[in-house]
Structure formats: C-alpha cells, structure tokens
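> how would this look folded up:
(3 chains)
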Amino acid sequence: MQEIEKTLRSRCAELINNGTCDKVIAWDRGEFFYDNSPATFACADCAQKLVYDCFCGANLSKYLIQYAKEGKTAVLLKPCDTYSFNQLLTEHRISRENIYVIGVGCDGMVDIDKIRAMGIKGITAVKEDGEDLVVSTLYGEKTVKKADCLLEKCVSCKSKKHYVFDELIPEADGEDVKENGRFDMVEKLEAMTAEERFEFWQEQLSKCIRCNACRNACPACTCRKCVFDNPHSGVASKANADSFEEKMFHIVRAFHVAGRCTDCGECSRVCPQNIPLHLLNRKFIKEINEFYGEYQAGETADQRGPLVNYTTEDAEPTAVSDRGDN
Amino acid sequence: MAEEHICTCHANDYIDPLLPQAAVVTNVRTDTPDVKTFRVVGKDGGICFDHMPGQCAMLTLPGVGEAMFSITSSPTNTEYKEFSIKRCGVLTDALHAMEEGQEIGIRGPYGKPFPVETAFKGQNLLFIAGGIGIAPLRSVINYVRDNRQNYGHVDVLYGSRSANDLVDYKEMCDEWMKEEDFNVYLTIDREQEGWDGHVGFVPAYLKELAFKPDCTAIICGPPIMIKFVLAALIEMGFSKTQVYTTLELKMKCGVGKCGRCNIGSKYVCKDGPVFRCDEIEELPNEY
Amino acid sequence: MKKLAVKDLNKFFDAISADQLLYMPLEKGGSVNYGIYSRGDKYDPTVLHTVKSVKDVFFPQCESMASFVTAGKKFEVAPIAPVDQSFTVFGVRACDVRGMEALDKVFLSDPVDSYYAARRAHGTVISVACSAPEETCFCTAFGIDPTNPGADIQAVIAGEDILFSANTEKGIALLDKVADLLSDTDDSAADDAKASIKEILNKLPLADIDLSAWGEGKTEELFDRPEWDELCKSCLGCGTCTYVCPTCQCYDIRDYKVGDKTTRYRCWDSCMYSDFTMAAHGTNRPDKKQRFRQRFMHKLVYFPDRYGMFSCVGCGRCVAKCPVSMNIVKVIKAMGGKNNG
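Prediction:
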C-alpha cells in the first residue's frame, strides 16, 4: 500500500501541474492511523499529504456531485467505488468529462470497530505487516490478522476490477471475485421463520437513531429533497415516533435504491449503531437476480436497470407468492 | 430594553411551557390575497395570556404543526388577540383554510417586546414597515395610540407590492390617519390603476420624506428592505442606537432551548425578536 | 466508602430495580446503549462508552408531550405528565456527568423544562470511573477527572471489587437502601486503581489538545476563518455527531397523527440537517459550511459566551463515530493553539 500511496502522491501532483485536473478528491490523514477523512487537494504540494492505506474505506464517488460541478476533478476510486461512479453517470448526477478517474488497487479495507470488538482498546496506530496488522495501543502492542478485521463490504468483495477509469495505479487491474458469499447472510435470513426474521430486524432497526448517516453516505441516495426531509410529504421526521417508523425509514430507503444500489456497503460502514443495513439491499439484489436475471448496477454507465426497463418477459407480481415464501 | 420576560402563563398548573392551551378563532378577516387576520380568544373567553407589543405566540394546528407568529393586536385590547398571517407554507396554508369557530392551540408570549414603557417613552416615533412586516408594528402603533400622552409625534411609513397587498389598509384609513400628530405614508412598488398615492420602494420614499433624526425608528419587513432602510437612516443622520427592528428565524420551542434561532450567543426567540440595531452589529455577520 | 464484589453486581442491580427503574449500559443487537435493566442483564465494565450518551435517559431522543384530540372544530389538549417515579442510572462516565451539567444549564434555566427537570429530580446517578480510557478520550482537556466522576454516587472498580462513595443526599439514601449488600472499606481502597488510570491518562494522545483559540468572546476571530471552507467539505451533513454527543440539546417539536389523535412529541434535532433552520420563507443557513460552523461555534464559543462552560466534554464519541472522521478534534486543532501542530 505504501508504494501505491507514494505513486499516487506524485501522480496527483503531476496531474495538477500539467492541468489535467485542478483538484483531487482523495483521503487525508486523521488524528490517528485509522480515521482518514475524504478531502480535496487543490495544489501539487497539498497532494503530497494524501493518504492511501487500509483505512480508506470511504467511497468518494458521491462527493463528485457537489465538488465536480466546476473545473476538472480527479478522484481516487477503489474497484467497488467505480460501480457507484457509473451509476451516478447513468443517473446524470455527474458529468464524465469533468472528472478524471484514477482507479486505485485495493486488497481490502479495515474496520477499526472490528479491531475494537476483539477487545483491543486505546488504539493509537495500526501498521500493515504482510497479512498482519500491528496495532499499537495505550495498553501495549497487539498483532491481528488483517483478514479478521476487514470491513463487511470487503469480506464479501465482489470485484477487484475497476469498471471505469482513466488510469490505474498500480497498472495491473484485478479480477471479479466469483465466490464472494455476498448472499450467505441473506439466505440465512430467508431460511428463518417469519417470526425469527422479524425479531432479527426488530432488534437491529430499533437501534436506529435516525442520524441519516446511511442516507447521506449512500451514493444512490441523491434526491435533492429526500421525502423524509420534505415537510409536504407527510412522512418527514427526525425520530422514530414508534416501532413502525424505525422500520419504515429503512425499508422505504431500500425500496428506493432497489435496482440502483451497487452494494458498495457504505450504509453499514457508516452506521454508528452497526446495523447491517446492507442486508436489506442485498435481499433486493438477490431477488432482482432471480426474477430478472443477473444484474449488477453500475457495471456500465449505459445499462437500463431491470426495474426501470419494462419487457414482456418481466416477472409477474404473483411470482413471489408462487414461490411460496414464508 | 424592557425587563426579561418570565413566562407565567402556566404558573398554576404543571403544563410545560412547551404545551399549548386550546383557544377559539372567533373571526377571520381577509386582508390581502395572501394575508388573513385571525381573532383568537381563550376557550374561557379571555385573552389566553398578557403580552407586550413585539412579543410572539406559537399557534398549533394538531397534526399539521406549530409555528411562531407575532401578535398583531395591542395589549390594550383586552378582548382578543389578533394574528395577521401570510400564507407561505404548510401550516399557514392550513391556518388560512380555518373558519370561525375553529379551535387551535396557542402558547406564549415569547421574546422581548419593544421597549414601549422605557426607551420609547416621550420619544417621537417613526415606524417603517414593508408587507407583512406591519404585523408586529401594528401592535406597537395601537399601543401608542391608546397611550398617546406618553409619546411624541408619530410617523408611519408603510409599503407593499401593490395596493391590494397593504395589510390593515382599512384601519389605517379609518383610524390612524385621523389621529392627531400622527402621519401615515403609504407606498406601493409599482403603478396601479386606481392608486393615486406614492409609488416606489420604501427606502427611496424614506429618503424623499427626509425625516429628521429626532425620533426613534422601528423597522420591520423583508430582510432586504431592512438592510436598505437601515442604510438610508444612517445616511439621514440616525444612530444605530435609535433604530429597532425584529429578526425572524425558524423557531420551535420559543424559550431559547431548541437551538434553531441561535445566532452567536443569542436566541432570537428569547433574547429577541426585538433588537436595537447596535445589538445586531455584535452578532456574527451571517447566521 | 462502601465495597461490593464485582461478581455480585447483579444482586446490587436486583435490589435497586426491585421498586424502581434502573437504567444502565446494556448490549442489544451488538451495540451498547442505556436501557432498562431486567433481572439477569449483564453489565460489561470493559465497555467505555455507550453509543448514545446518558443524555438519552434524561432527555430522551423521542418523548411524547401531549395528545391532541380533535372532533370537528373542537380541540382538546391532554398533557402527558412528566416523570414522577424515582429511578436510578448506573454506569455513567465522568464525561457524561459533565455533559449533564451542560444540559442542566439549558433545561434548568428559566423557563425550566419540566420534563427534563422531573427526570433530574427523580433520577439518582451512579457514575463509574473509567478503568480503561480510549485513545479518543480528551476529557482531561476540559478539566474532567475520570477517576473522580462525581454524580450522586461515584464508583471505582478496583480489582475484584467495586467501591462506592455517595456525594449527595440522594446518593446516601440509595446506598442505605442496599446497605445489606455493601461492606465498609477504607477511603484509600480506590487509590491504587485511580493511580493506574491516571498513568494511562498521561498517555492519552489528545489530552494536551489546546483550547486557547476557543471560548468566550471568540466569535469575531473565528467566524470568518478560511479553514471552515475546507473542514466542512467531507462532512456528510448527517446527525451522527449531534446524536451521540452528550451535550447537543437541539430538539424539534412535531406532531404524529393517526386518525383523530395527534401526539405531540419532541425529538432530538441536528443543526447539521439542511432543514434545521428551514422556515416557510427560506433558510438562513443554506450551505453546509454555515451548518457545520454553527455546531462547533455553538459548542466552543456561543455556549461558553452564554453559560460560561464549553459544551464539549471530550468524550470522544464523535471522534469514534463520525462516518468520515471529521470531528471536533480536527476542528479545534485547525484553528490553532500551540500544542495542536
């Protein structure tokens, strides 16, 4: 990763200097080693400060809506982020000609909460050492396997291949990950009785604090005025007035991004209560695959999603009841 | 400024100051195409609570919501309270759809009033209002009319988009214009058939009228009007300590706690809405 | 000072909760938040922070204030009375105790918020010293001593024991109630535990954060600083920081209508939300920068101006939870101060 970071810094400085772009959207160092923030770098010297390590989980594509309106913007996209980028292009939220995409290689991003959940406290630094992470803490040093601490979206990574880019760093691109187990947990939930499943979601969704982090981070949630913020909608609210509302918010959101969600996993990554929100979206993806054939939102920028593309072969509404779901 | 107001309206029961009491709309008057004036009386026939000019009240329509409105009637009116309300959102749409006899929720009074019993006493007064900005000033003006001996000469300069948009036009013609030592100047933005009065924006008319800075000016209107009127007044020799205005921001609690009308260390609902212009200068330049 | 074996804590909880509600940090669905204790629930002393602070107990995220019953043109208000039963809160950390002081300034100032005041009056708070502070902690920068967390009763875990000392009448009364379970111990019994916590406190990476650029009267200096433009860029405009914050007290009042019955409730609100100041005629904070600036200026300048204290307590929740790690520490440091390089 350190090699990539070095190359990225000099290449971004070069791109600013030669006028390819006037700014780069990348990640900036935080207070510690795990809290990188998305940031814009608008000069060659500033670009020397950009960071690329295993704590760059944030998907930068959504920032382009606001910050790539003017001038030419370069952006660093991991393979999974490129789907979001394509989807934003499809929905005309960003203009391809304003943006220079640097596809960055990724071998999985780390979830600091998973390290904390191992009982490791007071983390002041994390260093990658081959397949291990060396974690410095206020209470001494610990070594953990990186594979045990990956973000949920990386555990079930669907591709190491960039679906859109102007250049790649490093130059060799990765491959799709065929056996990614993305739907394992969805299948487990499907196998539950309706009561068990309800209990699972009740427990999870009742933790929701309606902070809207999932919505605001989601690259598919790009409505100018969200229905939940719109006083005219009749459903605007900032708290879950009852247990129906706490579910309604997430279910409405999942329906709204169905067919457009690229499964980038940001919703679950940003949730302060660690609600596995991505499972709702994956259920939709799985259903779409079953009823309409394999479909990956954001694989290209010019495809029509099955839910917005009527064909005479479309599944009938009775298909669900015919299947005999509980 | 007047003493800080302490809410005593619910002193005798445990109802939180955030909860409204039920009141009845006894009269609805259509002032302009988008302004109606509502007369509100407590369910027991009283005025719900006492107030001073410039203070506000929260009005509730159940299921629709609640918002802050300035009280248009003068405290000297002991029969009812009046609210002149411009239709511009979800709640005001619903309020405009009300008929006489409709019961609503009311709580208040909120905010610091105009210093009618202190700084304004014995002063000549110049009221400058634009559009629905007349609503809070009407309370002061009628208070001054009912305590005429306490104040000097009064000038009212009021402007609106058109003649049809002049709120309280009838009261101005029938009552204000007949007061002694009391001048009313009206203006509308654009020429209009049947209007033989002044045409032009309020700040320009203000300069034309060339008031001497021997009075206290009280401004209320859209922010852009306030800005230019204030500049004109300074140009005319007024000092900022002679000028009062009211700020309007989104409010929910009315008691300086919910946070939304916060500007710097002030809460407009509690520390305002009335501010002397030199006090506004101490606030951050945008909110 | 009173002593109880940590392994007997559940007896203590059972005794307290026999005739009143006991709130404490409880795990649910993988996250720890304040919840109501029921027999058998486990307290995990290794969890430093709940996701939502103790604010949620005294000023709940969502609380009903009244129901409105309408029939035709008629309208009745049926107020929902504030809490009138005693309750206890266990496991509050020193930062959250200070957070309650900030909330007191707001809700107990005239006019008193009767819902909050009733909870404060009926609630007995047992704080617990922080055995293992996290790297995100910077409460000491605000003069907070996590080994002496204050509140009605303060507890320190020392080896196998938990040691209680009462600070108030309410605290003495509660310890009396469970006196059977407790034994007397020397006041110095907690000293070793406190000393080892203090050793860690000295190593906290954020402890020496310099707040000198902030505080009363700094509005003019800070309001137009160019740093705001960059700082706000990564902010998602979500409410995470405000909702996990022990002192953020902004709220909304809303109606929830089902048929003829309307419930008026209030709920936490966030100055980070684009509709926070949205009035029918528009908003005075149309840009993210203005909203972002408002939150930090309010905590670190306006609140000190008005109430004489910072409304940040250094709990580090926003540091740990901000989805893009754009937190108050970065903002404090960005505006200067000699240790903040």
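> For the residue lying closest to B:M52 once chain neighbours are set aside, the count of nearby residues, please.
Distances taken as CB to CB, 6 or more residues apart in numbering or on different chains put B:P113 closest to B:M52, at 3.4 Å, once the chain neighbours are dropped. C-beta: built from backbone N, CA, C; applies to glycine. Counted with other CB atoms under 10 Å in any protein chain shown, the neighbours of B:P113 add up to 25.
> B:P113 touches B:G54, doesn't it?
Yes. Counting by CB atoms under 8 Å, B:P113 touches B:G54, with 4.1 Å between them.
> what residues do these two have in common as contacts?
Residues within reach of B:P113 and of B:G54 at once, by CB atoms under 8 Å, 6 or more residues apart in numbering or on different chains, are B:V274.
> Can you name the helix or strand that A:R269 falls in?
helix A:266-270 (DSSP states H and E).
> same check, this time on B:T60
Of the helices and strands defined by DSSP H and E, B:T60 is found in strand B:56-61.
> Give me the contacts around that strand.
For strand B:56-61, the external contacting residues (CB under 8 Å, 6+ apart) are B:20, B:40, B:48-49, B:51, B:66-71, B:81, B:83, B:91, B:94-95, B:98, B:104-111, B:136, B:251, B:254, B:269, B:273, C:68, C:264.
> again, only this time at 6 Å
The contact list for strand B:56-61, computed with CB atoms under 6 Å, 6 or more residues apart in numbering or on different chains, reads B:20, B:66, B:68-71, B:94, B:104-111, B:254.
> how about these, which pair is most distant?
Using CB to CB, the contacts of strand B:56-61 reach their maximum pairwise distance at B:A94 and B:G111, which is 23.7 Å.
> More neighbours: those two, which one.
For B:A94 versus B:G111, neighbours defined as other CB under 10 Å are more numerous around B:G111 (30 against 15).
> what's the residue closest to the geometric middle of chain C?
C:P246 (2.5 Å; CA atoms, centre = their mean).
> now that residue, nearest residue through space, not along the chain?
C:G99 (2.9 Å).
> who are the neighbours in contact with that neighbour?
Contacts for C:G99 (CB under 6 Å, 6+ apart) come out as C:S53, C:P246, C:T247, C:V313.
> secondary structure element for it?
Using DSSP H and E, C:G99 falls within helix C:94-107.
> Mean confidence (pLDDT) on that helix, please.
For helix C:94-107, the mean pLDDT works out to 97.
> Sort out which residues of that helix are buried, please.
C:A94, C:C95, C:D96, C:V97, C:R98, C:G99, C:M100, C:A102, C:L103, C:K105, C:V106, C:F107 (16 or more other CB atoms under 10 Å in any protein chain shown).
> ok, the third one to B:G105 distance?
It refers to C:D96. For C:D96, the distance to B:G105 (CB to CB, to the nearest Å) stands at 35 Å.
> Among the buried residues of helix C:94-107, which one lies nearest to B:V144?
Using CB to CB, C:V106 comes nearest to B:V144 of the buried residues of helix C:94-107, at 36.3 Å.
> show me where the stretch 1-150 of chain C has helices.
With DSSP state H, counting those that start in this stretch as the criterion, the stretch 1-150 of chain C has helices at C:9-17, C:55-58, C:94-107, C:114-122.
> angle of the third one against helix C:114-122?
Angular relation of helix C:94-107 and helix C:114-122 on a 0 to 180 degree scale: 130 degrees, by axes from the mean of the first three to the mean of the last three CA atoms, to 10 degrees.
> ok, now how distant is B:K36 from A:L76?
For B:K36 relative to A:L76 (CB to CB), the value is 56 Å.
> Does chain A have contacts with stretch C:125-140?
Yes. Stretch C:125-140 is in contact with chain A by CB under 6 Å from any CB of the partner chain, via C:A132, C:E134, C:E135.
> Surely the last one is in contact with A:A125?
No. C:E135 is beyond contact range of A:A125, at 9.2 Å (criterion: CB atoms under 6 Å).
> Look at the two and report which has more neighbours.
Per other CB under 10 Å, whichever of C:E135 and A:A125 has more neighbours is C:E135, with 23 against 14.
> Would you enumerate the residues in contact with the more buried one?
Listed by CB under 6 Å, 6+ apart, the contact partners of C:E135 are A:G122, A:I123, A:T124, C:P205.
> what about 7 Å?
Shown in contact with C:E135 (CB atoms under 7 Å, 6 or more residues apart in numbering or on different chains): A:F32, A:G122, A:I123, A:T124, A:L138, C:L204, C:P205.
> What values do phi and psi take at it?
The phi/psi pair for C:E135 (degrees, to the nearest 10) reads phi -60, psi -20.
> separation between it and A:G140?
The gap separating C:E135 from A:G140 is 13 Å, by CB to CB.
> Strands of chain C, start to end?
Here chain C has its strands, by DSSP state E, at C:2-5, C:21-28, C:31-36, C:62-71, C:74-79, C:87-92, C:123-128, C:153-158, C:161-166, C:183-184, C:251-258, C:261-268.
> mind checking which of the ones you listed is nearest B:T76?
Among the strands of chain C, the nearest to B:T76 by CB to CB is strand C:74-79 (27.9 Å).
> For that closest one, C-alpha coordinates in CSV please.
The C-alpha coordinates for strand C:74-79 follow below in CSV (Å, rounded to 0.1, in the frame of the first residue of the first chain):
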residue,chain,number,x,y,z
LYS,C,74,-63.0,21.2,18.7
PHE,C,75,-59.6,20.8,20.1
GLU,C,76,-58.5,19.4,23.5
VAL,C,77,-55.0,19.2,24.9
ALA,C,78,-54.3,16.2,27.1
PRO,C,79,-50.8,16.8,28.5
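> partners of it in the sheet?
Strand C:74-79 has the following sheet partners, assigned by DSSP bridges: strand C:62-71 (antiparallel).
> and the strand it pairs with with strand C:251-258, angle?
Going by the same axes, to 10 degrees, strand C:62-71 is angled at 40 degrees with respect to strand C:251-258.
> so what's C:D260 scoring on pLDDT?
Looking at C:D260, its pLDDT reads 83.
> neighbours around it, how many?
Applying other CB under 10 Å, we find 12 residues neighbouring C:D260.
> Would you check that it makes contact with C:T70?
Yes. Under the criterion of CB atoms under 7 Å, C:D260 makes contact with C:T70 at 5.5 Å.
> Show me the shaky parts of the stretch 201-341 of chain C.
Applying pLDDT under 70 to the stretch 201-341 of chain C flags residues C:338-341.
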